[in-house]
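> here are the coordinates; sequence isn't available:
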């Protein structure tokens, strides 16, 4: 599920050239829809990247909702907010990727998605009214988060300085070790059958 400025503006019949003049109206509708979604998934966990303060985070979204007179936006408890960057630091160490960590991790794992924009580029896209470009960048980051979680769960995420534990896990995930394990298992089964005969 995604929420975008350009789609909301279209649905409110606001022309592209009028979006900035009507931005509070667009933002209010976008946040209403987001919080309706949150309400329907109250027990869910919310994966994010460093969204932890009033400047850039869940608190900022709540502040904007209250500022725009959205009554009682549903609260997302901190224990249900999962900072993917913190999880990666815990698993691979603080230096798992050079700063800025998200684009560096992308480069380590196949490169940045084609629609990726960094913070400065997103600001410029907003100022130029390129809302579709911003939305595509956001979706590319969400896709990357999914890829990171999948690779990390299989110990296949490439990092700048993996921990010894991650190296051991990766070693045991290798084809050679799996083959040796299969051969050893078959040999034990063979020896077990031979002992019974």
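Structure's in. What do you need? Only a predicted model underlies this, so the values are computations on that prediction, with no experimental measurement involved.
> give the rounded mean pLDDT of stretch 10-26.
Stretch 10-26 shows an average pLDDT of 97 in the prediction.
> straight-line length of that stretch, end to end?
10 Å (Cα to Cα, to the nearest Å).
> in it, which residues are buried?
By 16 or more other Cβ atoms under 10 Å, the buried positions in stretch 10-26 come out as 14, 19, 25, 26. From N, CA and C alone the C-beta is placed, and that goes for glycine too.
> what's it in contact with?
Outside stretch 10-26, the residues that touch it by Cβ atoms under 8 Å, 6 or more residues apart in numbering are 5, 6, 8, 9, 29, 68, 129, 131.
> in this structure, mark out all the helices, start to finish.
Ranges of helices within the chain are 5-11, 23-40, 58-67, 84-92, 101-108, 119-127, 131-153, 164-173, 175-196, based on DSSP state H.
> could you dump these into CSV with distance to residue 78 added?
CSV is the format used below for the helices of the chain (distance: least, Cβ to Cβ, whole Å):
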stretch, distance to residue 78
helix 5-11, 27
helix 23-40, 14
helix 58-67, 8
helix 84-92, 12
helix 101-108, 21
helix 119-127, 24
helix 131-153, 19
helix 164-173, 27
helix 175-196, 40
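> list just the one of the ones you listed that sits closest to residue 48.
Minimum separation from residue 48 across the helices of the chain (Cβ to Cβ) falls at helix 84-92, 6.9 Å.
> same for the closest one, what does it pack against?
In terms of contacts (3 or more Cβ pairs under 8 Å, 6 or more residues apart in numbering; DSSP states H and E), helix 84-92 is packed against helix 101-108, helix 131-153.
> so which of those helices is the most surrounded?
helix 101-108 (a mean of 18; mean count of other Cβ atoms under 10 Å).
> what packs against that helix?
Using 3+ Cβ pairs under 8 Å, 6+ apart: helix 101-108 touches helix 84-92, helix 131-153.
> just give me the lowest mean pLDDT stretch among the helices of the chain.
helix 164-173 (a mean of 59).
> dump the helices and strands packed on helix 84-92 to a markdown table, plus distance to residue 123.
As requested, those are exported to a markdown table (distance: least, Cβ to Cβ, whole Å):
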| stretch | distance to residue 123 |
| --- | --- |
| helix 101-108 | 16 |
| helix 131-153 | 9 |
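> so which of those comes closest to residue 45?
Going by Cβ to Cβ, the one of the helices and strands packed on helix 84-92 nearest residue 45 is helix 131-153, 11.5 Å.
> next, the angle from the closest one to helix 119-127.
150 degrees (axes from the mean of the first three to the mean of the last three Cα atoms, to 10 degrees).
> give me the residues contacting helix 131-153.
Here helix 131-153 makes contact (Cβ under 8 Å, 6+ apart) with 2, 4-7, 9, 19, 47, 49, 84, 87-88, 91, 102, 105-106, 109, 113-117, 121-122, 125-126, 157-158.
> residue contacts, residue 106?
Going by Cβ under 8 Å, 6+ apart, residue 106 touches 112, 113, 116, 144.
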